[in-house]
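# A structural model of the following input is requested.
(2 chains)
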There are 2 protein chains.
Amino acid sequence: MFEKISIIGCGLIGSSILRNLNNRKICESFTVFDKSNEVIETIKKKNLCKDISSDIQSAVKNSDLVILAVPLSSYKEVLLSAKDHFKKNTIVTDTGSVKKEVNRIFETINLSNIFWMASHPIAGTEESGPNAGFKDLFKDRWTIICANKNSNKDKLEKLKKFWEFLGSKVKLMTVQDHDHILALTSHLPHAVAYNLVITAINTDEKFKNEIIKYSAGGLRDFTRIASSDPLMWRDIFIDNSENILKILDDFSKNIDDFKKAIVEKKSDKLLKIFASTKNIRKEIIKAGQDVASPDFGRKKD
Amino acid sequence: MFEKISIIGCGLIGSSILRNLNNRKICESFTVFDKSNEVIETIKKKNLCKDISSDIQSAVKNSDLVILAVPLSSYKEVLLSAKDHFKKNTIVTDTGSVKKEVNRIFETINLSNIFWMASHPIAGTEESGPNAGFKDLFKDRWTIICANKNSNKDKLEKLKKFWEFLGSKVKLMTVQDHDHILALTSHLPHAVAYNLVITAINTDEKFKNEIIKYSAGGLRDFTRIASSDPLMWRDIFIDNSENILKILDDFSKNIDDFKKAIVEKKSDKLLKIFASTKNIRKEIIKAGQDVASPDFGRKKD
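Numbers count the residues shown, from 1 in each chain, chains lettered A, B, ... in the order given. Below you'll find the predicted structure:
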């Protein structure tokens, strides 16, 4: 389907894509670039890619699909390096979690003769780096493509096929809807998890060990998300600040109402709040987006 | 070790205890009482207990270990029914998540000739009822016993042995420390999860399906906790209101600082916040309180 695929950045996402390109026919060749020597060593050691590029320019050369899998704050630098070296009519996409600001960067740099369409695979774990990637990361997950009515239909179809090749389901969405929905489903949960864990660990010294010991009562769930890649999340909160701040305000208002219900000992109101959230988990499981077994099916030993 | 053990209430916890008493020698006999006919039918169907009591009075009769595994709001009713029927010198314990208010109830009812010591197994799942219980629920988890210097040492030792028999590790703690620590490790996470999910689902009608579809970006983690038993959690928030309100205030303050850092685009501060929470997960895993595999080891299909 492609002659050459280029992956810029080889962390969890980039390396998981690479793990799908070996031995399966979607392209004649593929290359990877990463600015970290440590990452390059891992790629070699794990045989993730035979053709490792030494710079961005040669990585994108002659490629008809370029995938940016770097932190949002690196896009500008990568694009400025690559801009005069893209193959004519190549598809450029990404894997980032926020789209509005990224689109602005592409408009500013004004790349001609390429087809830019943003992608966002809703897949990942709390781990990062090329060792954390795995082949089935995208399987049965959704990938959102932010195309618009000016997007080239053939190129869009090819990009869609690429994500489907990785096992993903694809949904088209506007940039605005994407950034709003992800603020709700991903950015808010991360903001809350980080702040919850900070609140719990900033306790008296004498309780520090106890917090860890008794974390199975709920806290441990939040520590998973709160151990995600700090740099990636810094970029997300800066880039999607408008949506996130609005939703954090809604959240703070709900917390205030909740506190009021406790202060006033309004049992019925509390019961109503707790009962109102029961169904969504069932729907998420029904939609294949989580496992049905209790405790996420955590192994008991 | 015991002649007769009585379990009052047969939900997730009560039924998990029952599943350990069958075929293993810790008592000559054991009985269970539950006021729900549906629960009684499940106990019969699953052969969880041969001796099902038809009322609380006969359940506690001649028993030397009585375990309350009912919601906190039912303790008073259960104790008033049982008070004149306890065997002399019996151990009475419970499995509830808050201790201060429960102790007050015991003091008010002024039960003489029994040994009351509160227990709290830090174990559970988002599911409830006798079908949700399982034998290994307590394995490698902690059980907190709130004894005090007036507690009878032999009785305390027997209670400790009972929880260890279920596979649990035991820690002694004051009521005050228990209610504070659990507010941090369990009650705060539940308050936050419920309010987070409410914030996410109270979105425009047009986004409702999207919230479910893209929940793998973080939201789904919180829906697990937010699908816990509403009645149990109402009781916890009423009983431990003092600790919870104080901690929710700390949490709200952290959220406000976080919003300020976003508004002011303070990258370094955000990075510092995100980096500060990374270690606790490692410590929790090291302490055997969570699995090390990414995504809680959720199965991929």
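# for A:Leu12, which non-adjacent residue is spatially closest?
A:Ala132 (4.6 Å; Cβ to Cβ, 6 or more residues apart in numbering or on different chains). Quick note: C-beta positions are derived from backbone N, CA and C, even for glycine.
# what mean pLDDT does the longest helix that chain A contains have?
Counting by DSSP state H, the longest helix found in chain A is helix A:241-263. In this model, helix A:241-263 has a mean pLDDT of 98.
# what about stretch A:183-196, average pLDDT?
What stretch A:183-196 shows for mean pLDDT is 97.
# that stretch vs chain B: in contact?
Yes: using Cβ under 8 Å from any Cβ of the partner chain, stretch A:183-196 reaches chain B at A:184-196.
# select from these the one having the most neighbours.
Greatest neighbour count in the residues of stretch A:183-196 next to chain B, by other Cβ atoms under 10 Å in any protein chain shown, goes to A:Leu196: 29 neighbours.
# that one and A:Phe222 touch, don't they?
Yes: here A:Leu196 reaches A:Phe222: they are 5.0 Å apart, a contact under Cβ atoms under 8 Å.
# give the residues shared as contacts by these two.
Counting by Cβ atoms under 8 Å, 6 or more residues apart in numbering or on different chains, the residues touching both A:Leu196 and A:Phe222 are B:Pro189, B:Val192.
# tell me the domain boundaries of chain A?
With domains defined by automatic domain parsing, chain A comprises A:2-173, A:177-297.
# distance from the chain centre to the longest one, please.
This means domain A:2-173. 13 Å (Cα atoms, centre = their mean, to the nearest Å).
# what is the end-to-end distance of it?
Domain A:2-173 has its terminal residues 24 Å apart, counting by Cα to Cα, to the nearest Å.
# with the shortest one instead?
Chord length of domain A:177-297, first to last residue, is 32 Å (Cα to Cα).
# repeat that for stretch A:53-65.
15 Å.
# got the residues of the stretch 51-200 of chain A near chain B?
Taking Cβ under 8 Å from any Cβ as the contact definition, the stretch 51-200 of chain A meets chain B at A:97, A:122-127, A:132, A:136, A:139-142, A:144, A:171, A:177, A:180-182, A:184-200.
# among those, which are in helices?
Using DSSP H, the subset of those located in helices is A:177, A:180-182, A:188-200.
# correct me if wrong: A:Thr199 contacts B:Asp249.
No: using Cβ under 8 Å, A:Thr199 makes no contact with B:Asp249, being 9.8 Å away.
# ok, these two, which is more surrounded?
Legend: neighbour count by other Cβ under 10 Å for A:Thr199 and B:Asp249, higher for A:Thr199 (22 against 13).
# what count of nearby residues applies to the closest residue to that one other than its chain neighbours?
Among residues not flanking A:Thr199 along the chain, B:Phe251 sits closest, at 4.5 Å (Cβ to Cβ, 6+ apart). Burial measure for B:Phe251: 21 neighbouring residues, criterion other Cβ under 10 Å.
# same thing with the one 4 residues further on?
Counted with other Cβ under 10 Å, residues neighbouring B:Ile255 total 23.
# OK, contacts around it?
B:Ile255 neighbours (Cβ under 8 Å, 6+ apart): A:Ala191, A:Val192, A:Asn195, A:Leu248, A:Phe251, A:Ser252, A:Ile255.
# can you tell me which helix or strand A:Glu283 belongs to?
Here A:Glu283 sits within helix A:278-286, counting by DSSP states H and E.
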